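Trainee: model the following, please.
(one chain, ligands or ions: 1)
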Amino acid sequence: MLTAESDLLVLGKTIDIASGGKGDFTLQTKVLIKPEANFELSGFYKSGSAYCTQCEAEGFRRITYYLDRPDVMARFKVRIEADKAKLPLLLSNGNKVGTGELPGGRHFAEWEDPFPKPSYLFAVVAGDLGSIVDTYKTTSGRDVRLEIFSEHDNVDKLEHAMMSLKKSMKWDEDVYGLEYDLDIYNIVAVNDFNMGAMENKGLNVFNTAFVLAKPETATDTDYERIEGVIAHEYFHNWSGNRVTCQDWFQLTLKEGLTVFRDQQFSADMGSAAVKRIEDVRVLRARQFAEDSGPRAHAIRPESYMKMDNFYTSTVYEKGAEVIRMYHTLLGTEGFRKGMDLYFERHDGSAVTCDDFRAAMSDANGGKDFGQFERWYLQAGTPVVEAKGVYDAAKKTYSLTLSQHTAGTVGQPSKLPFHIPVRVGLLGRDGKEVVSSQVLELKEASQTFYFEGIEGGEPVPSLLRGFSAPVRLKTQQTEEDLAFLMAHDTDSFNRWEASQKLASQAILATTEALTEEKTPEPLAPTMIEAFRAVLKAGLDSESVDKSLLAYALSLPEELTLLGEMDVMRPVDLHKGRDHVKKTLAVALKAEFLKVYKALDQDVPYAVNPEEIGRRRLKNVCMSYLCTSKDKDAVALASSAFKRATCMTDSIAALACLASLPGSEKDEALQMFYSNAKGDPLVLNKWFSIQALADLPDTIDRIQVLIKHPDFSMKNPNRFRALIGAFANSNLAQFHAEDGRGYVLVADMVLAVDKLNPQVAARLAGAFSLWRKFESSRRNMMKEQLDRLMTVGDGLSRDTYEIVSQSLLSA
Ligand SMILES: [Zn+2]
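Mentor: Numbering: from 1, shown residues only. Sure, this is the predicted structure:
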């Protein structure tokens with residue numbers, strides 16, 4: 001027996017226990033910790049009036065000495081004692097097995113979790129919280145009590161989360177035959193949280209941003225995200241909790257799989273094509289950038305200094321793409337067989353990505369996934385090049401696919417990947433001459449033949465549904481792209497064609513601006529293709545308006561930046577603006593007509609039709625505001641004043657915020673006072689200003705940092721202002737004078753003292769410095785060097801990011 005007492009927040013790294021002989025022994029530790037002084041938000045800490053925990057990845061060791069590894073599993077019994085008046089609610093994992101009164105106005109609760117679990121899934125919550133309660137009957141007829149907790153004044157914003165939870169439970173039974181296993185399922189929303197949410201067994205702890213919603217405070221995107229994150233954490237009960245990771249290198253085993261499952265769920269709840277487009281937009285903007293920089297890593301990384309730095313877009317989003325490729329290669333049934341075998345073999349254990357791969361193979365007649373392992377070993381985004389040749393005499397079409405992956409830090413050369421490429425061939429009449437099929441590209445170059453192709457040279461539709469996380473290069477002309485945009489039977493690829501047309505135009509315009517030349521006018525084919533989309537917006541009730549809205553949305557700056565050999569963010573911003581403005585001028589009447597037709601005063605509803613209507617209407621508004629004139633101000637002001645839900649209000653405010661005139665400040669003031677202190681609404685208020693495209697954006701941010709509502713201790717608030725600026729306002733962050741860089745480096749240093757995880761993420765904004773033109777490259781490096789000079793004063797989290805960024809390529 002041993003007692004370790006410490007009044008330090010951070011416990012000593014290790015303790016040595018002299019075994020004193022053979023046999024079993026009991027180790028008892030007693031620790032004293034101060035949750036009120038824990039601003040890292042890892043371990044046991046205080047958020048608002050409540051106490052809570054966050055133990056993934058290595059937070060449990062900040063609570064007590066423990067074998068804090070995911071493969072060490074134990075049954076936990078927890079007793080919590082507290083002042084009853086201040087902390088009436090005492091929660092932990094599993095089932096409640098006892099409660100009672102104690103002297104001095106105190107009380108206790110005892111919890112027992114029957115399932116052995118790793119310590120990262122441990123949770124305790126103690127507070128004075130309100131809740132809503134519901135029940136769910138599982139397929140086998142068991143009743144599960146569902147309860148979602150929040151601060152008392154937020155209880156009216158929990159209904160959507162509850163509905164999402166019930167839908168998730170049903171979906172996992174229907175699609176994967178997986179049932180919930182405890183009698184209760186609790187979710188607690190807290191305002192101070194580093195991540196989105198945490199899947200602790202039977203007691204999820206959520207960032208309020210992913211739980212609370214009502215029409216006046218949450219946008220359509222918030223509603224969709226809440227449904228997705230509630231589902232994600234629920235699905236972890238099987239993919240993560242029942243079968244967990246052997247070590248943290250295997251993080252993608254649970255995260256890639258669970259992200260894929262939540263993507264499938266959201267696709268089933270709404271429009272599958274829209275969901276796919278949204279996911280690919282995120283992947284391209286964030287993960288492709290990660291893959292092209294010094295922090296490129298395989299989905300199963302091979303080393304880390306702080307595990308918290310590996311909760312990355314690569315492990316999560318690319319990890320989900322890798323799971324999706326199994327699904328594409330095996331089909332729905334084959335994938336399900338693989339999942340069944342995976343759970344049958346490994347329920348209750350801590351396993352590896354190889355075990356998952358083996359289950360997928362073994363359940364499908366030994367399908368060869370040997371080469372597929374390279375997705376777990378090699379970093380980087382493969383480039384796939386496609387060349388098609390039509391032989392009119394023989395009526396054959398041959399398609400040559402080649403792949404190449406550029407070297408990344410520590411991995412100078414790469415072997416070919418196993419890439420599923422879904423293709424279809426379209427006739428000139430728009431009908432499919434070859435319907436969708438999956439080609440398996442395994443060599444550096446392979447040719448596939450299609451026979452009996454009548455009616456002239458077909459137009460290939462390649463990488464349908466984005467069947468692999470690659471960059472695709474084709475010989476497609478503007479005419480081909482416009483044709484695909486109008487006729488492709490694959491809705492994802494219709495959108496993709498619009499994005500390629502727009503990318504080509506933006507990158508060509510940017511190049512002209514860099515060389516101080518007059519940009520070429522936009523191709524008439526492109527303008528006509530966009531006109532056709534707008535026409536469809538008026539035409540039919542049955543058209544998915546979200547798809548039209550995304551077809552009209554130009555590619556993200558971050559995605560386009562990754563397409564440039566030398567990154568020139570400000571020129572790119574101007575180039576993108578120029579293309580958007582040109583389209584707006586050419587199609588002004590059409591944009592206005594669609595905007596007016598969709599600007600309806602109807603009761604708010606969250607369903608795909610209404611979300612689509614608002615989305616398309618607001619995209620039209622953003623085009624109409626590119627004129628930056630009085631008409632634009634009048635349009636956005638009126639939209640802002642008439643808005644009856646957060647989606648419309650924030651869309652109008654986002655337009656106004658970058659327009660000249662005093663209207664924006666009046667609107668911002670009104671938005672602020674309408675928020676009445678609601679933290680999630682205030683986050684939006686900060687973000688809108690951080691994202692504004694104004695000559696004085698940086699000055700405005702400097703003022704906002706001193707605003708009484710700004711706080712470095714709350715990760716949501718910090719990210720709303722500083723994170724949004726550094727990651728999403730490229731033109732301002734990379735402003736000519738370098739003030740954006742200094743501001744962000746100042747903020748990294750300031751927040752690093754409180755919350756290293758948040759600081760490390762922010763420091764990542766400099767990691768691609770080598771890819772920029774020389775003056776920005778030098779200024780970014782200067783800030784990285786400045787961060788390094790702090791030396792020991794820097795947290796390990798931030799040190800890891802900064803030092804990796806400086807590593808020679
Ligand atoms: Zn997760």
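
Trainee: helix or strand right after the strand or helix carrying residue 433?
Mentor: Using DSSP states H and E, residue 433 maps to strand 432-441. Using DSSP H and E, the helix or strand that follows strand 432-441 in sequence is strand 445-450.

Trainee: okay, the closest residue to the ion within the stretch 551-700 of the chain: pLDDT?
Mentor: Among the residues of the stretch 551-700 of the chain, residue 680 lies nearest to the ion; the distance is 21.3 Å by C-beta to the ion. For every residue, glycine as well, the C-beta is placed using N, CA and C. What the model reports for residue 680 is a pLDDT of 98.

Trainee: what's the answer for residue 50, then?
Mentor: According to the model, residue 50 carries a pLDDT of 97.

Trainee: show me what from the chain comes close to the ion.
Mentor: 255, 258 (C-beta under 5 Å from the ion).

Trainee: report the central residue of the chain.
Mentor: The residue lying closest to the centre of the chain (C-alpha atoms, centre = their mean) is residue 282, at 6.5 Å.

Trainee: gap between it and residue 210?
Mentor: 16 Å (C-beta to C-beta, to the nearest Å).

Trainee: hmm, residue 747 is touching residue 723, no?
Mentor: No: contact criterion C-beta atoms under 8 Å: residue 747 and residue 723 do not qualify, at 9.2 Å.

Trainee: between the two, who's got more neighbours?
Mentor: residue 747 (24 against 21; other C-beta atoms under 10 Å).

Trainee: contacts for the helix or strand containing the residue of the stretch 551-700 of the chain closest to the ion?
Mentor: Per DSSP H and E: residue 680 is located in helix 679-690. Under the criterion C-beta atoms under 8 Å, 6 or more residues apart in numbering, residues 191, 208-209, 212, 217-218, 646, 650, 653-654, 657, 668, 671-672, 674-675, 697, 700-701, 704, 709-710, 714, 716-717, 720-722, 724-725, 728-729 lie in contact with helix 679-690.

Trainee: ok so, going back, and the helix or strand containing the residue nearest to the centre of the chain, which residues are buried?
Mentor: For residue 282, the element it lies in under DSSP H and E is helix 272-282. By 16 or more other C-beta atoms under 10 Å, the buried positions in helix 272-282 come out as 272-281.

Trainee: what of stretch 185-192?
Mentor: Applying 16+ other C-beta under 10 Å to stretch 185-192 flags 185-192 as buried.

Trainee: residue 477: how many residues sit nearby?
Mentor: Neighbour number of residue 477 under other C-beta under 10 Å is 12.

Trainee: next one: residue 734
Mentor: Count around residue 734 with other C-beta under 10 Å applied: 24.

Trainee: again with residue 804
Mentor: 18.

Trainee: tell me the pLDDT at it?
Mentor: 94.

Trainee: buried set for the helix or strand where it lies?
Mentor: Taking DSSP H and E as the definition, one finds residue 804 inside helix 796-806. By 16+ other C-beta under 10 Å, the buried positions in helix 796-806 come out as 797-802, 804-806.

Trainee: now distance to residue 600 too, for those residues, in CSV please.
Mentor: As requested, those are exported to CSV (distance: C-beta to C-beta, whole Å):
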residue, distance to residue 600
797, 48
798, 49
799, 54
800, 51
801, 47
802, 51
804, 51
805, 49
806, 54
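
Trainee: tell me the two of the residues you listed that are most distant?
Mentor: 797 and 806 (15.7 Å; C-beta to C-beta).

Trainee: isn't residue 373 up against residue 358?
Mentor: No: contact criterion C-beta under 8 Å: residue 373 and residue 358 do not qualify, at 10.5 Å.

Trainee: looking at the two now, which is surrounded by more residues?
Mentor: residue 358 (17 against 14).

Trainee: pull up the gap between the more buried one and residue 184, please.
Mentor: 35 Å.

Trainee: and the residue lying closest to residue 802 once chain neighbours are set aside, how many neighbours?
Mentor: Leaving out its chain neighbours, the residue that sits closest to residue 802 by C-beta to C-beta, 6 or more residues apart in numbering is residue 787, at 4.8 Å. Residue 787 has 24 neighbouring residues, counting by other C-beta under 10 Å.

Trainee: please tell me I have it right and residue 553 contacts residue 619.
Mentor: Yes: judged on C-beta under 8 Å, residue 553 makes contact with residue 619 at a distance of 5.9 Å.

Trainee: more neighbours, those two?
Mentor: Between residue 553 and residue 619, residue 619 has the larger neighbour count (other C-beta under 10 Å), namely 25 against 19.

Trainee: in the helix or strand containing that one, what's buried?
Mentor: According to DSSP H and E, residue 619 maps onto helix 608-624. Residues of helix 608-624 classed as buried: 608, 610-624 (neighbour count, 16+ other C-beta under 10 Å).

Trainee: for stretch 391-408, same thing?
Mentor: 397, 399, 401-403, 405, 408.

Trainee: output the residues you listed as TSV; include the columns distance to residue 202, secondary structure and pLDDT.
Mentor: Shown next, in TSV, are these (distance: C-beta to C-beta, whole Å; DSSP: H, G, I helix; E, B strand; the rest coil; pLDDT from 0 to 100):
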residue	distance to residue 202	secondary structure	pLDDT
397	56	strand	98
399	51	strand	98
401	48	strand	98
402	50	strand	98
403	45	strand	98
405	42	coil	98
408	40	strand	94
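
Trainee: what sits against the closest residue to the residue nearest to the centre of the chain other than its chain neighbours?
Mentor: Nearest non-adjacent residue to residue 282, counting by C-beta to C-beta, 6+ apart: residue 317, 6.3 Å away. By C-beta under 8 Å, 6+ apart, the contact list for residue 317 reads 259, 279, 282-283, 286-287.

Trainee: same thing but at 10 Å, please
Mentor: For residue 317, the contacting residues are 255-256, 259-260, 263, 279-280, 282-284, 286-288, 290, 299, 469, by C-beta atoms under 10 Å, 6 or more residues apart in numbering.

Trainee: right, I'll call it a day here.
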